[in-house]
Each structure stands twice: as C-alpha cells, then as structure tokens.
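Asks: Below is the structure, and that's it, no one-letter string:
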C-alpha cells in the first residue's frame, strides 16, 4: 500500500473528517462508517491499542481532534457494532518526543473493535479484528496482508536539484493535527 494524503485515506472508507486541519477521525454522512487515525507504532503486536494509561493524555484531552474522535467512537459503538476503520499513521522516528509523519495509509483488510472509551477524556482501547470472519475474530499486527510503507529518506548526491527533486521536497507537518506547517513552523490551528 502506498502512503496517501489524509483526505484520500478518509475518502478510501467513504468518510470525511470534520476539519481537514485538526481531525483525527471521520464519519460517513450517515454515520454508519467511522475511520480513526492511529499511530502504527502504538499498536501492540497483538493488535491492541490502549490509551487509558497514555502519559500524554492530559495534553490532548481538550484538543478539537480528540473531541470529534470521542463523538465518532461513540457513533461506532452505537451504530457500527463497535467497529471502526483504521488509518495508520507511520512516524519517521517513533522514539522522538514530537513525532513527524512519514506517511499514512488505510488498513484495507482489518478493522478495530472498540473495547472501551472514556467519554470525558477520550482515552480508549480497541483490538484489531477481521470483519469478514464469523464473530469478528481477533487478529495480530503481523497477520495484516497490507504491510506498512517503508520510509526511505532521499539521499542527496550533491550537485543541483532537479525540478523533480524540488517537487518532492518534504513538507513539515504538525504532529498533533497532521497538517502542513507554515514557514514559521508553528501550527496555526493547534497553538
């Protein structure tokens, strides 16, 4: 699977984010399909995610992306048998304090099943499942037929840039809302 824009990843599932600058989730017009962005390195090998003990919880609880995600997770719980689609977000270096996005791609084959959600803080837990199997059997991260795209930083060989190299220049993105940062390097939405 190739990496894609966030808008294209949401559109892959027929969902739209409330705001393309700060949304972490999206819903279809009838709210019968939900898609949520998840940092891929935060998923356990067993295909589970758990944000209840997340050390950064206090920093993202009041963000508009989290508030929208709470509404969408509740919609998934109430209207979609607790199932939601995943847009995996890969980090250039998962060990950095401020994550930089290497890419995003929709999970084509599996979904997440919501286990629990805190309607106030937005902390939630979910597991990877196969929606096509009877009883939505649990899956593990290595079971996925679609593997994450590999980030290959461009190596400069010296000399002048070609027009194509200029067009491929990396754009810095906000680690909170995933939008391109202005030249100041400070996100206008999240400040």
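Replies: Received it, and whenever you're ready, just let me know what you need. Note that this is a predicted model, so its numbers are computed, not measured.
Asks: longest strand anywhere in the chain?
Replies: In terms of residue count, the longest strand belonging to the chain (DSSP state E) is strand 83-91.
Asks: Following it in sequence, what is the next regular element?
Replies: Downstream of strand 83-91, the next assigned helix or strand under DSSP states H and E is strand 101-106.
Asks: what angle do that following strand and strand 83-91 make?
Replies: Angle, strand 101-106 to strand 83-91, by axes from the mean of the first three to the mean of the last three Cα atoms, to 10 degrees: 160 degrees.
Asks: For strand 101-106, which strands pair with it and how are they oriented?
Replies: Strand 101-106 has these partner strands in its sheet, going by DSSP bridges: strand 83-91 (antiparallel).
Asks: Can you list the buried residues in stretch 9-27?
Replies: The neighbour-count check on stretch 9-27 (16 or more other Cβ atoms under 10 Å) flags 9-10, 12-13, 15-18, 21-27 as buried. Backbone N, C-alpha and C define where each C-beta goes, glycine included.
Asks: which one among those gets closest to residue 39?
Replies: residue 24 (10.4 Å; Cβ to Cβ).
Asks: give me phi/psi at residue 33?
Replies: As for residue 33, its main-chain torsions (degrees, to the nearest 10) stand at phi -130, psi 130.
Asks: Now for it, how many residues are close by?
Replies: Per other Cβ atoms under 10 Å, the neighbour tally for residue 33 reads 19.
Asks: Looks like it contacts residue 14 (just checking).
Replies: Yes. Under the criterion of Cβ atoms under 8 Å, residue 33 is in contact with residue 14, at a separation of 5.6 Å.
Asks: Show me what the longest helix along the chain is packed against.
Replies: Selection of the longest helix in the chain by residue count, based on DSSP state H, yields helix 64-79. Judged by 3 or more Cβ pairs under 8 Å, 6 or more residues apart in numbering; DSSP states H and E, helix 64-79 is in contact with strand 25-27, strand 34-39, strand 83-91, strand 111-117.
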